[in-house]
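>>> sequence first, predicted model second:
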Amino acid sequence: LSVVDALCAAGLAKSKGEARRTIEQGGAYINNRRIENVDQRLTRADLASETVMVLRSGKKRYALLRFVGAE
């Protein structure tokens, strides 16, 4: 899953274009680490715990992503 798609699916961006702009401007984070690359993909290394990842857009908009299945 790409970070652009994840931001849209989590409701932190209204469109893929908005998600890309947020990342390019340095306003998107995974587990409080800034997303540097628009083409970045989410991997197991990005998980905060076994199945959970925290996405943030700006200072106050957070989303918790839980991954299930796909072992």
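Received the coordinates, thanks.
>>> hmm, Leu55 is touching Arg33, no?
No: counting by CB atoms under 8 Å, Arg33 is not a contact partner of Leu55; they are 11.0 Å apart. For the C-beta atoms, the positions are set from N, CA and C on the backbone; glycine is no exception.
>>> more neighbours: these two, which one.
With neighbours defined as other CB atoms under 10 Å, Leu55 and Arg33 compare such that Leu55 has more, 24 against 10.
>>> okay, and the beta partners of that one?
In this structure, Leu55 bridges to Ile30, Ala63 when assessed by DSSP bridges.
>>> where do the helices of the chain begin and end?
Here the chain has its helices, by DSSP state H, at 3-9, 16-24.
>>> the first one: which residues count as buried?
Going by neighbour count (16 or more other CB atoms under 10 Å), the buried part of helix 3-9 is Val3, Val4, Ala6, Leu7, Cys8.
>>> low-confidence stretches in this structure?
Counting by pLDDT under 70, the chain contains low-confidence residues at 70-71.
>>> just read off the phi/psi values of Thr51.
For Thr51, the backbone dihedrals (degrees, to the nearest 10) come out as phi -140, psi 10.
>>> might one say that it is in contact with Val68?
Yes: taking contact to mean CB under 8 Å, the distance of 6.7 Å between Thr51 and Val68 places them in contact.
>>> more neighbours: which of the two?
Higher neighbour count among Thr51 and Val68: Thr51, with 12 against 6, using other CB under 10 Å.
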